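1. Task: produce atomic coordinates for the following.
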Amino acid sequence: MISSTSLQNNYIKLYEHLRKYIWEFEVVRTIADLEIATYKSFPDLLEIQKYLTQLRRLTSNVIKEDKELSEAFNKFEESLQEDNLDVYANIKRFREVTSV
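-> Below you'll find the predicted structure:
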């Protein structure tokens, strides 16, 4: 089981390395699609995997030269390859304030 917060943290680490470059429009659109898929409360892991694979293909030339970017991709992909593909979201609790 993986938390949606964990997926989001992996995306942030990947994005930190992606933003070092100027990308073509198709790459930027794929990054945006990956971000939207990742930041859903209950993300679809197959959708995330699809965009991550597409992004890896589009950026393969840079990945070969940038070890940190490659490691960020690998870590994100490993989090999606876990045995149990269930996702859970942390539910935030709010305390009600009673008016006097």
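2. can you give me phi and psi for His17?
-> phi -80, psi -30 (degrees, to the nearest 10).
3. That one: what's its closest spatial neighbour, skipping adjacent residues?
-> Sequence neighbours aside, Leu69 is the residue nearest to His17 in space, at 4.2 Å (criterion: CB to CB, 6 or more residues apart in numbering). All C-beta atoms are positioned from the backbone trio N, CA, C, and that covers glycine.
4. One more: Glu16?
-> Nearest residue to Glu16, sequence neighbours excluded (CB to CB, 6+ apart): Ala72, at 7.5 Å.
5. list the contacts for that neighbour?
-> If a contact means CB atoms under 8 Å, 6 or more residues apart in numbering, then Ala72 has Asn10, Lys13, Leu14, Glu16, His17 as its contacts.
6. Repeat that for Glu78.
-> Counting by CB under 8 Å, 6+ apart, Glu78 has no contacts.
7. follow-up on the earlier one: can I have the buried ones of the contacts of Ala72 as a PyMOL selection?
-> The following PyMOL line selects those of those that are buried, judged by 16 or more other CB atoms under 10 Å:
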select buried, resi 10+13+14+17
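8. Just name the closest of the contacts of Ala72 to Asp44, please.
-> Using CB to CB, Asn10 is the member of these that sits closest to Asp44, with 15.6 Å.
9. now the residue nearest the centre of the chain: how far from Phe76?
-> Centre of the chain computed as the mean C-alpha position; nearest residue by CA atoms, centre = their mean is Tyr11, 3.2 Å away. Counting by CB to CB, to the nearest Å, the gap from Tyr11 to Phe76 is 7 Å.
10. can I assume Ile2 is in contact with Ser79?
-> Yes: A contact is recorded between Ile2 and Ser79 when judged using CB atoms under 8 Å, the distance being 6.1 Å.
11. still on that earlier bit, can you pull the contacts of the residue nearest to His17?
-> Leu14, His17, Leu18, Lys20, Thr59, Val62, Ile63.
12. From Thr53, how far out is it?
-> As defined by CB to CB, Leu69 lies at a distance of 15 Å from Thr53.
13. helix or strand for the residue nearest to Glu16, which one?
-> Taking DSSP states H and E as the definition, Ala72 sits inside helix 67-80.
14. Thank you kindly, that will do.
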